[in-house]
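S.K.: All I have is the shape, not the residue letters:
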């Protein structure tokens, strides 16, 4: 059975989405807007003398060069900022993959963000946090101790997953929304999509396991901001905005969030 919303025109897509959708000209505009929102929120919280807590992805990543540029040129202190990364790949022994591995999200953040920000501005290492497969409760406890997450940034996977919260038809939306940080096996469709972008299609070399924050952590953030710009995001965004709320397509749970937004390109908004 085909779903009618997958063929919605640009105009129909924007008519009454259950998650607000903002259309920007191109990839650069999406990434710049995400970076600007990051910096604006940090600046606002700095003025109030309050900490800023973000959940951050490694995918999308195009916002980070603009973020680094804005922080350095604007002399914006990150000393009271916490970056809680969504996830990380694991070995078959359920350990973090090496930070030196080209696929490592920890390595990416180090190479692309933390070492590019002026040392007098960057946050200390203890405020750059990844979910720990050996201490799964630590992330939730940290979020509670910090007073919650200001903004969760991210993208949407091909099966609607946020972070690595893969589709699960055995759970109700309520049960899925209560899932916390955990270790799980990555679906073949996600490994395939990631292999195309990261390993030239070498799916057999993609990690099979990951540690991910849960939908509970994501949905509990005060704001959620997603960026979509790939060709297959055309249907993903339409499903997110008009599909039934279900664990089959996890992003649909954000239809129930008080302040969620999906930023997309004109390329995604228009069907060929």
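M.R.: Sure thing, it's come through. If you're wondering where the values come from, they're calculated on a predicted model, not measured in any experiment. Residues are numbered from 1 along each chain as shown.
S.K.: use CA for all of it now, contacts and neighbours both
M.R.: OK.
S.K.: Please name the residues that touch the residue most central in space within the chain.
M.R.: Taking C-alpha atoms, centre = their mean, the centroid of the chain lies closest to residue 154, which sits 2.0 Å from it. Neighbouring residues of residue 154 by C-alpha atoms under 8 Å, 6 or more residues apart in numbering: 56, 57, 58, 59, 60, 162, 163, 224, 225, 226, 227.
S.K.: repeat that with 6 Å
M.R.: By C-alpha atoms under 6 Å, 6 or more residues apart in numbering, the contact list for residue 154 reads 57, 226.
S.K.: Use 24 as the first number from now on
M.R.: In the new count, where the first residue is 24, that last one comes out as residue 177.
S.K.: And the pLDDT for it?
M.R.: pLDDT, residue 177: 98.
S.K.: Could you do residue 242 as well?
M.R.: Note for residue 242: predicted pLDDT of 98.
S.K.: Any idea how many residues pack against it?
M.R.: When neighbours are counted by other C-alpha atoms under 10 Å, residue 242 registers 22.
S.K.: picking up where we left off before, and the residue nearest to the centre of the chain, what are its phi and psi?
M.R.: The phi/psi pair for residue 177 (degrees, to the nearest 10) reads phi -180, psi -170.
S.K.: From residue 109, how far out is residue 186?
M.R.: Noted for residue 186: a distance of 6 Å to residue 109, by C-alpha to C-alpha, to the nearest Å.
S.K.: Looking at those two now, which is surrounded by more residues?
M.R.: A side-by-side neighbour count of residue 186 and residue 109, using other C-alpha under 10 Å, places residue 109 first with 29 against 25.
S.K.: contacting residues around the spatially closest residue to residue 110 that is not a sequence neighbour?
M.R.: In space, and not counting its chain neighbours, residue 110 is closest to residue 235: 4.3 Å by C-alpha to C-alpha, 6 or more residues apart in numbering. Applying C-alpha under 6 Å, 6+ apart to residue 235 gives the contacts 109, 110, 187, 204, 205.
S.K.: And the second one, how close does it get to residue 201?
M.R.: It refers to residue 110. 17 Å.
S.K.: for residue 188, same thing?
M.R.: Going from residue 188 to residue 201 by C-alpha to C-alpha gives 11 Å.
S.K.: what do you get for residue 43?
M.R.: The spacing between residue 43 and residue 201, counted by C-alpha to C-alpha, is 23 Å.
S.K.: moving C-terminal of the lowest-mean-pLDDT helix or strand in the chain, what's the next helix or strand?
M.R.: One helix or strand of the chain scores below all others by mean pLDDT, DSSP states H and E: helix 211-221, with a mean of 91. Per DSSP states H and E, the first helix or strand lying C-terminal to helix 211-221 is strand 232-235.
S.K.: Partner strands of that next one and their direction?
M.R.: If you go by DSSP bridges, strand 232-235 pairs up with strand 110-113 (antiparallel), strand 205-208 (antiparallel).
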